[in-house]
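# For reference, the sequence and a predicted model appear below.
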There are 2 protein chains.
Amino acid sequence: MARKTGSHSDITGPKVREAALRLFAEHGFAAVSMRQIAKEVGVQAGALYLYTPDKQTLLFDLLSAHMRDLLAALRAMEMPEHPVRQLEVFARFHIRFHMARRDAVFISYMELRNLTPENFAKLDAMRREYETALEQILIAGQKAHEFDVDDTKLTTMAIISMLNGVLTWYRPDGRLSLERVEAIYSDMVGKAVRMARSKRKKLVAE
Amino acid sequence: MARKTGSHSDITGPKVREAALRLFAEHGFAAVSMRQIAKEVGVQAGALYLYTPDKQTLLFDLLSAHMRDLLAALRAMEMPEHPVRQLEVFARFHIRFHMARRDAVFISYMELRNLTPENFAKLDAMRREYETALEQILIAGQKAHEFDVDDTKLTTMAIISMLNGVLTWYRPDGRLSLERVEAIYSDMVGKAVRMARSKRKKLVAE
DNA sequence: ACAGTAACTGAACAAGCGTTCCTTTCAAGC
DNA sequence: GCTTGAAAGGAACGCTTGTTCAGTTACTGT
């Protein structure tokens, strides 16, 4: 039997990507076989090759779609004027967006080594674009004497790793609401980079 | 030909673990075959089973040895009295220790899912012990009105993720020395948790 | 009603997997 | 110098892997 009623490319295609995303996140790219993905979709392994040229491209497509969405969401966000507020908005955005896509984020950090150099380079460029957006906030705050940061690049990385940490431990049914976690984190990030009030007064006086 | 001159269990054993550690970190546990490890060691695949009952146990042994070393080093470290200083010492220790063992750390965060539930539980207990050491510093600082932390558990996780971030981007031949990175990070961590001076004065006055 | 084609099956391919086992080699102890 | 046993070789085991492909089915447009 082939071609079940109501099954189309429009349906199976997304199902393949969803199944692959979930399985890759759960077991790792190398540990998941095409037959496992096919079983999850309800199809034979050979049929998957109607939707991807090979396993590695399937991984790349998942990751690049994720990064594309991330950058689009970032650009669509309206930013306040004040760097201090910008940083808070960014922190909250980062946590919220990534929490809703845990699987994709997980894979993004674990399976980059399974990509060809060219595919890796493409994703890496997108990642850097995202990080640069944060760094620009830090630079602006630095200029406005609001932030006191030793090294904007290093601080950018530090903030992102800290925010990403939420993904590894947060459980929706846990002790804290996501709203509260967002608040605590954006507060901590703010304190970590903000200039001491005494120092700012001194600078402004000059 | 078997048993080359000067090759013994004392030599091959460590070589197996070193090769496995490096390859697992580079390609992932599932993607590395016993034959690859054997080739790296300069031995046939079957010989590996003189040093490990199976592949999964090899992984667990690497990870538990790493955690054992980490906890031992933590206990051996002499801690200053003041929580603010303790936090700085901890941050610096964490960066330094983990930077020297990037491969093991990498695997520790990526390959836990490849362990049996029992083996996972053992490592998880050791990890929690390490995290608790940091949390105790935060609690002590909180009591002494030195720190102003919303939630010690959450903050513990946030600090550790932030520190771990160093491993993903730091390059020894890069722009910054490890000493300087340690300094900046421990400073940022301090600022993120320390109580504002004005607030502390108010509390002490009461 | 019929042709065309998109969607899928199911079998096959060579290659590689973890692991076992018997054999061979060599160093140390007597 | 001979025996013993540790250390390793090398072949073999049954299975799984990613991928291909000829054949089959069910839907669509006419």
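Looks like it came in fine. Residues are numbered from 1 along each chain as shown, chains lettered A, B, ... in the order given.

# Phi and psi next, for the residue nearest to residue A:203 when sequence neighbours are not counted.
Spatial nearest neighbour of residue A:203, chain neighbours left out: residue A:145 (5.1 Å); criterion: CB to CB, 6 or more residues apart in numbering or on different chains. Backbone N, C-alpha and C define where each C-beta goes, glycine included. Backbone torsions of residue A:145, given as degrees, to the nearest 10, read phi 60, psi 30.

# Surely residue A:145 touches residue A:195?
Yes: the pair residue A:145 and residue A:195 qualifies as a contact (CB atoms under 8 Å) at a distance of 6.3 Å.

# Now the common contact residues for the two.
Counting by CB atoms under 8 Å, 6 or more residues apart in numbering or on different chains, the shared contacts of residue A:145 and residue A:195 are residue A:203.

# From the contact counts, what lies against the longest helix along chain A?
Criterion DSSP state H: the longest helix present in chain A is helix A:117-143. Secondary-structure packing of helix A:117-143 (3 or more CB pairs under 8 Å, 6 or more residues apart in numbering or on different chains; DSSP states H and E): helix A:55-76, helix A:83-99, helix A:152-169.

# ok, back up a step: give me the more crowded residue out of residue A:145 and residue A:195.
residue A:195 (19 against 14; other CB atoms under 10 Å in any protein chain shown).

# what sits against that one?
Shown in contact with residue A:195 (CB under 8 Å, 6+ apart): A:145, A:146, A:147, A:148, A:203.

# Quick one: name the residues of chain A near chain B.
By CB under 8 Å from any CB of the partner chain, the residues of chain A that approach chain B are A:26-31, A:110, A:113-114, A:150-151, A:154-155, A:157-162, A:164-166, A:168-169, A:176, A:181, A:184-185, A:187-189, A:191-194, A:197-198.

# Residue A:112: what's its closest spatial neighbour, skipping adjacent residues?
Nearest non-adjacent residue to residue A:112, counting by CB to CB, 6+ apart: residue A:120, 5.8 Å away.

# Am I right that residue A:191 is in contact with residue B:188?
No: using CB under 8 Å, residue A:191 is not in contact with residue B:188; the gap is 9.4 Å.

# Just the buried ones among the residues of chain A next to chain B, please.
Neighbour-count burial (16 or more other CB atoms under 10 Å in any protein chain shown) is assigned, among the residues of chain A next to chain B, to A:28-31, A:110, A:114, A:154-155, A:157-162, A:164-166, A:169, A:176, A:181, A:184-185, A:188-189, A:191-194.

# for residue A:172, helix, strand, or coil?
coil (DSSP: H, G, I helix; E, B strand; the rest coil).
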